[in-house]
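Chemist: What follows is a predicted protein model with its sequence.
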Amino acid sequence: MSKNKKVNAAILIIGNEILSGRTQDTNTSTIAIWLNNIGVKVSEVRVIPDIEALIVDTVNHLREKNDYVFTTGGIGPTHDDITAQSVSKAFNLKYEIHKQAFKILEAYYKPGEFNEGRQKMVWMPKNAKLILNPTSGAPGFSVENVFCLPGVPSILKSMLGDLTNIIVGGEPILSKTISLRTVESEIAKSLTDVQNNNKDVEIGSYPFFQAGKLGVSIVIRSEKQSKINNCSDQILNFVKEMQIEVVER
């Protein structure tokens, strides 16, 4: 892919524990920040339960619409870890023991510890490529443009380095934040005018509450620093005219 091409990705969070609220999802932000830095824009994030048919349908839908799909969760040793077999079905591939993964985990565990439950983690789609795991041994895997990672945040984060040279992005997505002591309704029209004049730049406004006072952070995002600077100048011009205070966050 050329650096000028827009490259997009979807993130699929799999797990009943996320939907129930028992586990807080931090993997989305970890993956999204990493992807932005290598020029891949996250176009969509979905959270679904551990239901095979739903995983199959969602993976197939997302992989057709996006350059890359990243799944998290469901590749551990327990009965509800069904991501690997579901991805196998999505690609119509045989679900089998990955010989290299078996060797990795057999060497990782002490004699007698590589039990039946842990051996479940080496069952993958036929000819899947491994994503190495420097933290806990058990590898993730990829099939075509779908990359399957564990749900444990610290382990997932440690595995992204193995993918940096595999994922081909466009220009890195840059950003600038301007924080104001105001409310969204006060700047809505002026901010809309700036957005309309800069349609190829993404501008978002996000309220915050700090030191007992309301404020709004304006985030400008683009692949081009010059476009960010241009938008920033236009925003600061109306901020100055309206005598709105710019604050540090």
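Modeler: The structure has been received and is ready for your questions.
Chemist: what's the distance between the lengthiest helix in the chain and the middle of its chain?
Modeler: When the chain is parsed with DSSP state H, its longest helix is helix 225-241. Distance of helix 225-241 from the chain centroid (Cα atoms, centre = their mean, to the nearest Å) equals 29 Å.
Chemist: can you list contacts of that helix?
Modeler: By Cβ atoms under 8 Å, 6 or more residues apart in numbering, the residues outside helix 225-241 that reach it are 174-176, 178, 180, 187, 190-191, 193-194, 197-198, 200-201, 203, 218, 220-222, 246. Where C-beta positions appear, they are placed from N, C-alpha and C, glycine not excepted.
Chemist: One more: stretch 44-56?
Modeler: Residues contacting stretch 44-56 (Cβ under 8 Å, 6+ apart): 10-16, 18-19, 25, 28, 32, 58, 62, 65-66, 74, 80-83, 85-87, 89-90.
Chemist: can you check stretch 192-206 too?
Modeler: With Cβ under 8 Å, 6+ apart, stretch 192-206 has contacts from 184, 187, 191, 216-222, 227-228, 230-231, 234-235, 238.
Chemist: And for stretch 106-117?
Modeler: Stretch 106-117 has contacts (Cβ under 8 Å, 6+ apart) with Pro77, Thr78, Leu105, Arg118, Gly137, Ala138.
Chemist: what are the phi and psi values for the closest residue to the fifth one other than its chain neighbours?
Modeler: Okay, so that is Gly137. Once flanking residues are discounted, Gly137 sits nearest to Tyr108: 3.6 Å by Cβ to Cβ, 6 or more residues apart in numbering. The phi/psi pair for Tyr108 (degrees, to the nearest 10) reads phi -70, psi -40.
Chemist: Distance check, Tyr108 against Gly117.
Modeler: The gap separating Tyr108 from Gly117 is 14 Å, by Cβ to Cβ, to the nearest Å.
Chemist: do Asn237 as well
Modeler: With distances taken as Cβ to Cβ, Asn237 is found 62 Å from Gly117.
Chemist: what does Glu184 give?
Modeler: According to Cβ to Cβ, Glu184 stands 51 Å off from Gly117.
Chemist: Run the chain-centre distance for stretch 25-38.
Modeler: 4 Å.
Chemist: Buried residues, that stretch. List them.
Modeler: Applying a neighbour-count criterion of 16 or more other Cβ atoms under 10 Å, the buried positions in stretch 25-38 are Asp25, Asn27, Thr28, Thr30, Ile31, Ala32, Trp34, Leu35, Asn36, Ile38.
Chemist: Next, the buried residues of stretch 186-201.
Modeler: Buried residues in stretch 186-201 (16+ other Cβ under 10 Å): Ile187, Ser190, Leu191, Val194, Gln195, Asn198, Val201.
Chemist: Among those, which one lies nearest to His98?
Modeler: The nearest member of these to His98, counting by Cβ to Cβ, is Val201 at 44.2 Å.
Chemist: Near Ile167, how many other residues are there?
Modeler: 20 (other Cβ atoms under 10 Å).
Chemist: Domain map for the chain?
Modeler: Using automatic domain parsing, the domain parsing of the chain gives 7-163, 174-247.
Chemist: In terms of helices and strands, where is Ser158?
Modeler: helix 153-159 (DSSP states H and E).
Chemist: again but with Leu12, I slipped
Modeler: strand 7-14.
Chemist: got it, and Ser217?
Modeler: Per DSSP H and E, the secondary structure element for Ser217 is strand 213-222.
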